[in-house]
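[1] build me a structure from this.
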Amino acid sequence: MSLPDLPPCSFPISLLALALLVRATGSQPLYQICPPSSRNYTANSTYESNLNSLLSSLVASGSTSGYYANDVGDVPDTAYGVVLCRGDVDANSCRTCLETAAKKVVEACPYRRNAVIWFDNCLMRYTEKWSFPSISGNSSIVYMWNTQNVTKTETSLFNEQLGKMMGSLASYAAFNSAFTMFATGEAEFTAADPKIYGLVQCTTDQPANVCNGCLQGFISQIPTYFVAKRGARILGTTCYFRYELYPFYNGSAKVTIPSPVPASAQSPSPAPPPTSSIDPTTKGEKKKSGVGTAFAVAIPVVAVLVLISVICICLWRRKANKKI
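    Residues are numbered from 1 along each chain as shown. Got it, this is the predicted structure:
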């Protein structure tokens, strides 16, 4: 299978087995990135001490608030970090995920000053440099998709419903989610797969318009990288999304997209006003034609009558002269 041309700093994963594993358990990371350009730190160094303190604070505070950012130490050994738990998980699940992330990330990226790790329920990132999130502020991006497709006959409807749902979710998360910047949704699909399920989230340290721009930017890539895919997600460091043809989030959907109304079932156009069985113009023409016919018949009759009258007068005069 050939891979699409992906943006820089992106990592494609198209393993159905991994998707099934992630669906079954959240104990394994979805992915981790140890940037090759990252500087290393040494054992027992000041940066290592700052990093350990940072990770402990991220777990403790992040599990109660769902999102937390902090920094520990002074330049040049400052460690910056951020954690984000999925908006539909409880505090215990969030803490469990963050504890696992803090352990796994240093194992996966030993002695690296920059690293990021994603789990199904949380995200953890630390770095030696920090910048405020922007629309293009995702330092690393992971693309994941199901290798199975919807059928060709379903593709048009799938694209339509998925596009409506994901666009609505981005707007809801950015502008209507009471500062959680999280939203879930569902869209009606087919009898075999009744619904498409979706989820989006942003880190809450960014303005609403930046969150919306981040999500819309990712969603706009669906037609390029995920054509007809039954499930996919893009993982970023400031926002991410996921959709599937099975329910994967907790709680009820915040956004619902109904089935499109079939063309045959749409309201008919107003009927035109009833028309007479006889066209008015035609009636006038018939009337005019009738008058013309009457004149055509009357003229010869009058001429005959006049001719007879003249003959009678002439005969009467002749008889009168003979008598005289």
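[2] what count of nearby residues applies to Asn52?
    The number of residues packed near Asn52 is 14, by other CB atoms under 10 Å. All C-beta atoms are positioned from the backbone trio N, CA, C, and that covers glycine.
[3] buried residues, the one helix or strand it maps to. List them.
    Assessed by DSSP states H and E, Asn52 sits inside helix 46-65. If you call a residue buried by 16 or more other CB atoms under 10 Å, then helix 46-65 has these buried ones: Tyr47, Glu48, Asn50, Leu51, Leu54, Leu55, Ser57, Leu58, Val59, Gly62, Ser63.
[4] stretch 236-246 too?
    Gly236, Thr237, Thr238, Cys239, Tyr240, Phe241, Arg242, Tyr243, Glu244, Leu245.
[5] same question, stretch 163-173
    Buried residues in stretch 163-173 (16+ other CB under 10 Å): Gly163, Lys164, Met165, Met166, Gly167, Ser168, Leu169, Ala170, Ser171, Tyr172, Ala173.
[6] what do you get for stretch 210-229?
    By 16+ other CB under 10 Å, the buried positions in stretch 210-229 come out as 210-219, 221-222, 225-226, 228-229.
[7] strand partners of whichever helix or strand Tyr197 is part of, parallel vs antiparallel please.
    Per DSSP H and E, Tyr197 falls inside strand 195-202. Sheet pairing for strand 195-202, assigned by DSSP bridges, gives strand 182-188 (antiparallel), strand 239-244 (antiparallel).
[8] so what touches it?
    Strand 195-202 has contacts (CB atoms under 8 Å, 6 or more residues apart in numbering) with 84, 86-88, 158, 161-162, 165-166, 169-170, 173-174, 181-189, 210-211, 214-215, 238-249, 253, 255.
[9] please apply the same query to stretch 31-49.
    With CB under 8 Å, 6+ apart, stretch 31-49 has contacts from 11, 13, 51, 73, 77, 79, 104-105, 108-109, 111-118, 128, 139-140, 142, 144, 235.
[10] could you flag which of those residues are buried?
    Looks like the contacts of stretch 31-49 have 51, 73, 77, 79, 104-105, 108-109, 111-118, 128, 139-140, 142, 144, 235 buried, using 16+ other CB under 10 Å.
[11] tell me which of those residues fall in helices.
    Counted as lying in helices by DSSP state H, out of these, are Leu51, Lys104, Val105, Ala108.
[12] can you put the residues you listed in a markdown table and add pLDDT?
    Below are those laid out as a markdown table (pLDDT from 0 to 100):
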| residue | pLDDT |
| --- | --- |
| Leu51 | 98 |
| Lys104 | 98 |
| Val105 | 98 |
| Ala108 | 97 |
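[13] quick one, what contacts Asn114?
    Cys34, Pro35, Ser38, Arg39, Tyr126, Thr127, Glu128, Lys129.
[14] for the fifth one, which non-adjacent residue is spatially closest?
    I take that to be Tyr126. Spatially, and ignoring its direct neighbours in sequence, Tyr126 is nearest to Gly81 (4.0 Å; CB to CB, 6 or more residues apart in numbering).
[15] how close does that neighbour sit to Leu30?
    19 Å (CB to CB, to the nearest Å).
[16] comparing these two, which residue is more hemmed in?
    More neighbours surround Gly81 than the other of Gly81 and Leu30, with 24 against 20 (other CB under 10 Å).
[17] three-state assignment of that one?
    Three-state assignment for Gly81 (DSSP: H, G, I helix; E, B strand; the rest coil): strand.
[18] contacting residues for it?
    Leu54, Leu55, Leu58, Ala69, Asn70, Asp71, Met124, Arg125, Tyr126, Thr127.
[19] hmm, try it at 6 Å
    Leu54, Leu58, Asn70, Tyr126 (CB atoms under 6 Å, 6 or more residues apart in numbering).
[20] thinking again about what came up before, and of the buried residues of stretch 210-229, the nearest to Glu154?
    Taking CB to CB as the measure, Glu154 lies nearest Ala228 of these, at 8.1 Å.
[21] that closest one against Asn149, yeah?
    Yes. Ala228 lies in contact with Asn149 (CB atoms under 6 Å); the separation is 4.2 Å.
[22] which of the buried residues of stretch 210-229 sit farthest apart?
    Every pair of these checked by CB to CB; the farthest is Val210 and Ala228, at 30.5 Å.
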